[in-house]
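**Student:** fold the following and give me the result.
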Amino acid sequence: MIMLTALAMAQLAQTFTLEKARAMSSEQLAKALLGPDAASIERVVVHPVGMEVPARSLHKVTMIGVPGPAAGGPGWCRRIDKIAHLTPVVPGGNSYVNAMPTQVEKIEERESVRLADGDCSKSDAAFFSVNPKKRASQFALIQRLLVAREQAKSGRPLPFELQCVDEDGARAPAFGGNRCLPGNGRALLASLPLERAFNVSAGGQGVRYSLNRVDGTRTRQPVHFDAQVGMNDGKLAVDVTVGESEGRITRMTIKRHIPYPF
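**Tutor:** Alright, predicted model coming up:
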């Protein structure tokens, strides 16, 4: 059983409205939610309920942690974010309908990391979330891509199949002269912006359900998911899909496209 301190219980008992949260500075809102732990927070993002305009109620508050070097050795930067989830004060209240007060239901922590590029204090750098259950696989995937990037720079034959795709074609002037033409996938791999990775999904086994439209039954099928890494090179989004076998990269596809507007 988790025992809450008097301070923690008081913080959870506080009520917030969207208007109140937006009127507070990042420092004020973090202190109201975390107390002394607010010193570890750099900035705060307020999330309303739903997509209605104007927004009415408060859904959650994301508190972005102060980044710094990761413990355990050089090469990585680390950040701990805290997410406060809020629920209507009135049990069963519909926060989509009225601008009703909400209170903190729980506060969770989320670890994010990035490859170090000499300065871990950059507040605008891209970080990717660490999945506690797949942490080792995520880090191993980035390390294998670092090795692949060096192999592409070296001029030696690559030990895997490499393809590249320009998803938006001629509509993206940012492609410039470095288009995905036959043979230049290697150049794109050599300049892969791994330091700007914002999403790292380790591959593995999973399940997929298919629906029989006649009788409504669902069939459970085992599937294999390839590993994927999402990055941004400053102009374009770069998605890398990696096929692996026994800890080795066997095939890779680099896809570039215009960043999505969200």
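
**Student:** how does the protein divide up, domain by domain?
**Tutor:** Taking automatic domain parsing as the domain assignment, the ranges for the chain are 6-125, 129-257.

**Student:** need the ones you listed in TSV with mean neighbour count, can you?
**Tutor:** All C-beta atoms are positioned from the backbone trio N, CA, C, and that covers glycine. Shown next, in TSV, are the domains of the chain (neighbours: other CB atoms under 10 Å):
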stretch	mean neighbour count
domain 6-125	16
domain 129-257	14
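
**Student:** now mean pLDDT too, for the ones you listed, in TSV please.
**Tutor:** As requested, the domains of the chain are exported to TSV (pLDDT from 0 to 100):
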stretch	mean pLDDT
domain 6-125	80
domain 129-257	85
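
**Student:** which element is the spatially closest residue to T102 that is not a sequence neighbour on?
**Tutor:** Nearest residue to T102, sequence neighbours excluded (CB to CB, 6 or more residues apart in numbering): L86, at 3.9 Å. Here L86 is covered by strand 76-88, with elements defined by DSSP states H and E.

**Student:** ok, that strand: who's next to it in the sheet?
**Tutor:** Using DSSP bridges, the strands paired with strand 76-88 in its sheet are strand 58-65 (antiparallel), strand 68-69 (antiparallel), strand 102-115 (antiparallel).

**Student:** okay, the ones you listed in CSV with distance to G206 next?
**Tutor:** Below are those laid out as CSV (distance: least, CB to CB, whole Å):
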stretch, distance to G206
strand 58-65, 27
strand 68-69, 34
strand 102-115, 22
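
**Student:** which one of those strands lies nearest to V214?
**Tutor:** Set against V214 and scored by CB to CB, the strands paired with strand 76-88 come closest in strand 58-65, at 39.2 Å.

**Student:** which residues sit against the closest one?
**Tutor:** The contact list for strand 58-65 (CB atoms under 8 Å, 6 or more residues apart in numbering) reads 16-18, 21, 29-30, 33-34, 38, 40-50, 79-86, 95, 102, 112.
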